[in-house]
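> Mind looking at a prediction? Sequence and model below.
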Amino acid sequence: MLSGVHAQESDASDWIKNPAMGNYQAYAEFKMAHYESARHIWQVLAGLGNTDALFNLTILAEDGLGEPRDLKKAESLYTAAAQAGGFKAQYRLGMLYSTGGTLAKDATKARHFLNLAAAHGDKDAAERLATLDQPQRAPTELEQADILSSSGQQAEAAALYQRAADAGNSRARTRLAWMYEAGRGVERSLEEAARLFERSAEDGDAEAQYALAVMYRTGKGQTRDLGKSLVWLKRSASQSYPPAQAALAAESALQ
């Protein structure tokens, strides 16, 4: 049997060879609130410049999950992920800089990062830019919730995401699912996160489809089913969702 140190070294080697599968394992640890284990994997992958790992390390730092809350560390990690091409980090930074509260308000930086995300096809970033450029334009309910979230008003954001989700907005429902998964603004519930992800996935939301694929592959939030995992992964990848595309490529390499 491998010792703890040697086992970790062996695992790290596997993660380096197959970052997408490493991210799957880290997501599973995160879903079970095993933040130290998730952080260890994401730190290995972040050393490779993996944008998903960098982004998720930021979530741990911003929310203080398994470590003291550190906004300067979060800003640094978000910036690294954004500069490496991570559209989720680009959008998040754009929101944080445009609203102030969590980070100091900076309109120039906000527009820079929102433009980068919009160039990747992020519709939410494009909508936020439109609001910044046209002050008379009323923000959508989803946008209002994102603004509240980026301002640190998580409970208020969750309530608005819930209202938008109840009205049939799948993107809001997916945002709400992530909040239940992390316990951000609501009481943490993996079961509720799974239910919400599944509804949004069925509605065609690529991010939710990827999250559901991870759940089915890892058996965290859903009963483990590799067949269903692959189905949802392919649906997400077909919509050009980068994490799903990377994971699907890794799955294909293993076959």
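Good, I have the coordinates.

> pLDDT weak spots in the protein?
Residues of the chain that meet the criterion pLDDT under 70 lie in 1-10, 12, 252-255.

> give the contact list for the closest residue to Gly101 other than its chain neighbours.
The shortest distance from Gly101 to any residue other than its chain neighbours is 3.8 Å, reached at Ser151 (Cβ to Cβ, 6 or more residues apart in numbering). Bear in mind the C-beta positions are built from the backbone N, C-alpha and C, glycine included. With contact taken as Cβ atoms under 8 Å, 6 or more residues apart in numbering, Ser151 is in contact with 99-102.

> Specify the local secondary structure of Leu176.
Using DSSP: H, G, I helix; E, B strand; the rest coil, the structure places Leu176 in helix.

> Could you measure from the closest residue to it other than its chain neighbours over to Ala177?
If the residues on either side of it in the chain are set aside, Leu176 comes closest to Tyr161, at 4.1 Å by Cβ to Cβ, 6+ apart. Summarising the geometry, the distance separating Tyr161 from Ala177, computed by Cβ to Cβ, to the nearest Å, is 9 Å.

> ditto for Asn115
Counting by Cβ to Cβ, the gap between Asn115 and Ala177 amounts to 27 Å.

> Which one's more surrounded, the two?
Ranked by neighbour count (other Cβ atoms under 10 Å), Asn115 and Ala177 place Ala177 first, with 29 against 14.

> Do I have it right that the more buried one meets Phe197?
Yes - with contact defined as Cβ atoms under 8 Å, Ala177 reaches Phe197; the gap is 4.6 Å.

> Need the overlap of contacts for the two.
With contacts defined as Cβ under 8 Å, 6+ apart, the residues shared by Ala177 and Phe197 are 208, 211.

> can you pull the contacts of Ser170?
With Cβ under 8 Å, 6+ apart as the criterion, the residues that contact Ser170 are 199-200, 203-205, 208.

> Rebuild those as CSV, extending it with secondary structure and distance to Gly66.
Formatted as CSV, the entries for the contacts of Ser170 read as follows, by DSSP: H, G, I helix; E, B strand; the rest coil; distance: Cβ to Cβ, whole Å:
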residue, secondary structure, distance to Gly66
Arg199, helix, 29
Ser200, helix, 27
Asp203, coil, 32
Gly204, coil, 33
Asp205, coil, 28
Ala208, helix, 25
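
> what's the nearest residue to Thr51 if we skip its chain neighbours?
The shortest distance from Thr51 to any non-neighbouring residue, by Cβ to Cβ, 6+ apart, is to Gly86 (3.3 Å).

> got it, and Glu192?
Once its chain neighbours are removed from consideration, Glu192 has its nearest residue in Tyr180; the separation is 4.5 Å (Cβ to Cβ, 6+ apart).

> Please give the number of neighbouring residues around the one you found.
Taking other Cβ under 10 Å as the criterion, the count of residues near Tyr180 is 22.

> Identify the residues contacting the residue nearest to Ala155 when sequence neighbours are not counted.
Once flanking residues are discounted, Ala155 sits nearest to Gly185: 4.5 Å by Cβ to Cβ, 6+ apart. With contacts taken as Cβ under 8 Å, 6+ apart, Gly185 has the following neighbours: 149, 154-158, 179.

> picking up where we left off before, now do the phi/psi pair for the residue nearest to Gly101.
phi -90, psi 0 (degrees, to the nearest 10).

> Start at 627, not 1
With the count now opening at 627, the last piece we talked about shows up as Ser777.

> burial measure for Val857, as a count.
For Val857, using other Cβ under 10 Å, the count is 15.

> so how far is Ser702 from the residue nearest to Gly727?
20 Å.

> List only buried entries from the contacts of Ser777.
Buried positions within the contacts of Ser777, assessed by neighbour count (16 or more other Cβ atoms under 10 Å), are 725, 728.

> so which of the contacts of Ser777 comes closest to Ser866?
Ser866 lies nearest to Thr725 out of the contacts of Ser777, by Cβ to Cβ, at 27.9 Å.

> Provide a list of residues in contact with the closest one.
731, 773, 776-777.

> could you say what helices and strands the helix or strand containing Ala736 packs with?
Element membership of Ala736 [criterion: DSSP states H and E] is helix 733-745. For helix 733-745, the elements it packs on are helix 713-725, helix 749-759, judged by 3 or more Cβ pairs under 8 Å, 6 or more residues apart in numbering; DSSP states H and E.
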